[in-house]
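J.: this one's sequence-less:
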Ligand code: URA
């Protein structure tokens with residue numbers, strides 16, 4: 001679920017420095033011709049954050065703001081995501097954030113199965129590189145990778161443990177922009193994350 005640009009939003013923050021470990025993959029994504037979204041994008045939006053992050057968040061696809069800036073979650077839902085992270089003492093500099101699809105679907109439509117499939121090898125490489133201990137899926141498209149056939153309304157906030165990782169399905173932050181009643185639900189789901197982070201051994205001395 002992508003969102004429209006926020007109205008009256010503050011000036012865009014400076015672009016974060018890119019971890020050199022991402023150089024080759026991000027260059028490939030920048031020139032990607034694998035699906036029709038290449039024809040309409042302003043630029044691709046590979047991901048943001050350290051290649052060594054313990055926590056990875058995976059959204060759906062870039063919206064208008066992200067397409068303009070080349071950085072995920074810098075529009076209205078990104079503002080809410082930052083608020084959610086801050087509510088549990090995390091900042092976006094310490095996590096890795098990516099999307100299932102790296103280019104903006106025109107008009108913020110849902111990504112098509114062929115687009116998700118064409119982009120999947122990039123997400124595979126991002127997950128392999130980061131090797132996160134906790135993955136938070138934001139919305140149904142990233143949820144579907146680990147919880148096929150499930151409904152977000154049923155399983156949000158209920159994690160799955162797989163391959164030494166904890167995968168936590170969450171509503172997409174943009175859902176709260178459309179349905180105000182989901183705001184507190186998403187906050188409550190995020191409030192569960194610190195326990196999963198502790199369970200995963202993140203922050204424990206090595
Ligand atoms: N929605 C997403 O899923 N990803 C973004 O990067 C922005 C909005």
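T.: Right, received. Where do you want to start? Since we're looking at a predicted model, the values are computed, not measured.

J.: Distance of residue 127 relative to the ligand?
T.: Look at residue 127 and the ligand: by CB to the nearest ligand atom, to the nearest Å, they are 16 Å apart. Just so you know, the C-beta spots here come from the backbone N, C-alpha and C atoms, and that holds for glycine as well.

J.: quick one: the helices in this protein?
T.: With helices called from DSSP state H, the chain shows them at 23-30, 37-40, 64-69, 76-87, 113-130, 140-146, 152-155, 173-178, 182-199.

J.: Let's have the ones you listed in a markdown table, adding mean pLDDT and mean neighbour count.
T.: Formatted as a markdown table, the helices of the chain follow (pLDDT from 0 to 100; neighbours: other CB atoms under 10 Å):
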| stretch | mean pLDDT | mean neighbour count |
| --- | --- | --- |
| helix 23-30 | 97 | 14 |
| helix 37-40 | 98 | 15 |
| helix 64-69 | 98 | 21 |
| helix 76-87 | 97 | 20 |
| helix 113-130 | 98 | 17 |
| helix 140-146 | 97 | 20 |
| helix 152-155 | 97 | 14 |
| helix 173-178 | 95 | 21 |
| helix 182-199 | 98 | 16 |
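
J.: Would you mind giving these as a markdown table with distance to residue 103 added?
T.: Below are those laid out as a markdown table (distance: least, CB to CB, whole Å):
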| stretch | distance to residue 103 |
| --- | --- |
| helix 23-30 | 9 |
| helix 37-40 | 4 |
| helix 64-69 | 8 |
| helix 76-87 | 17 |
| helix 113-130 | 8 |
| helix 140-146 | 14 |
| helix 152-155 | 23 |
| helix 173-178 | 17 |
| helix 182-199 | 26 |
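
J.: residues from this structure in reach of the ligand?
T.: 2-3, 59-63, 66, 72-73, 75, 77, 99, 174 (CB under 6 Å from any ligand atom).

J.: quick revisit: right, and the helices of the chain - which one's nearest residue 49?
T.: Comparing these against residue 49 with CB to CB, the closest turns out to be helix 113-130 (8.0 Å).

J.: tally of neighbours for the residue nearest to residue 22 when sequence neighbours are not counted?
T.: Once flanking residues are discounted, residue 22 sits nearest to residue 51: 6.0 Å by CB to CB, 6 or more residues apart in numbering. Residues within reach of residue 51, counting by other CB atoms under 10 Å, total 16.
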